[in-house]
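Q: turn this into a model:
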Amino acid sequence: MRLAIRLSTPRVHLHPVLNKGSLEGYARDTALQSRASNRHVSSIERLLAHPQERDRFTNYLATGLANIIHTIDPEVIVVGGGVTGSADLYWEALQERVRELVYPSLRSKVDIRLAELKGQAGVIGAAALDGVE
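A: You can find the predicted model right below:
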């Protein structure tokens, strides 16, 4: 499933290969790394250390999560991948922003969690499959 978002913000540099207008084009680790490179910042963590960049990212991701909540009414959403490596910079703000965007009747019905393996799930899964025939 791909989720498209459209926000009334100035045009930002999108990752050249990710789907234009998609949530992943704004909030995926590769999109953030591309933005960091364009801003001459060495990492996603350093990019998100800037309040304006952190707020931009948090708003994009919160908008996507709120859309998912309104569309499918999940009990739990697990956020994982490369962006979770710097979750300590944005996690509380993300949860607060999602609460602001979600209908009041849904706020207490969904649990947004950080993946336990964070961005390492793919590597751990690949290692576990090594040798499996």
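
Q: could you point out which element follows the lengthiest helix in the chain?
A: The longest helix of the chain (DSSP state H) is helix 51-72. Where DSSP states H and E defines the elements, the next helix or strand beyond helix 51-72 is strand 76-79.

Q: that next one: which residues count as buried?
A: Applying a neighbour-count criterion of 16 or more other CB atoms under 10 Å, the buried positions in strand 76-79 are residue 79. For the C-beta atoms, the positions are set from N, CA and C on the backbone; glycine is no exception.

Q: what helices or strands is that strand leaning on?
A: For strand 76-79, the elements it packs on are helix 51-72, strand 111-114, judged by 3 or more CB pairs under 8 Å, 6 or more residues apart in numbering; DSSP states H and E.

Q: quick one: the following helix or strand past it to chain centroid distance?
A: Next helix or strand after strand 76-79 toward the C-terminus (DSSP H and E): helix 91-101. Relative to its chain's centre, helix 91-101 lies at 12 Å (CA atoms, centre = their mean, to the nearest Å).

Q: check which helices and strands helix 91-101 sits against.
A: Taking 3+ CB pairs under 8 Å, 6+ apart as contact, the helices and strands that helix 91-101 lies on are helix 51-72, strand 111-114.

Q: coming back round to it: pull the CA atoms of the longest helix of the chain into CSV?
A: This file holds the C-alpha atoms of helix 51-72, laid out as CSV (Å, rounded to 0.1, in the frame of the first residue of the first chain):
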residue,chain,number,x,y,z
PRO,A,51,14.1,22.3,14.8
GLN,A,52,12.7,23.3,11.4
GLU,A,53,13.7,20.1,9.8
ARG,A,54,12.5,18.0,12.7
ASP,A,55,9.1,19.8,12.6
ARG,A,56,8.8,19.3,8.9
PHE,A,57,9.6,15.6,9.1
THR,A,58,7.4,15.1,12.2
ASN,A,59,4.5,16.8,10.4
TYR,A,60,4.9,14.7,7.3
LEU,A,61,5.0,11.4,9.2
ALA,A,62,2.2,12.4,11.6
THR,A,63,0.0,13.3,8.6
GLY,A,64,0.6,9.9,7.1
LEU,A,65,-0.1,8.1,10.3
ALA,A,66,-3.2,10.1,10.9
ASN,A,67,-4.4,9.2,7.4
ILE,A,68,-3.8,5.5,8.1
ILE,A,69,-5.6,5.7,11.4
HIS,A,70,-8.6,7.4,9.7
THR,A,71,-8.6,5.0,6.8
ILE,A,72,-8.2,1.6,8.5
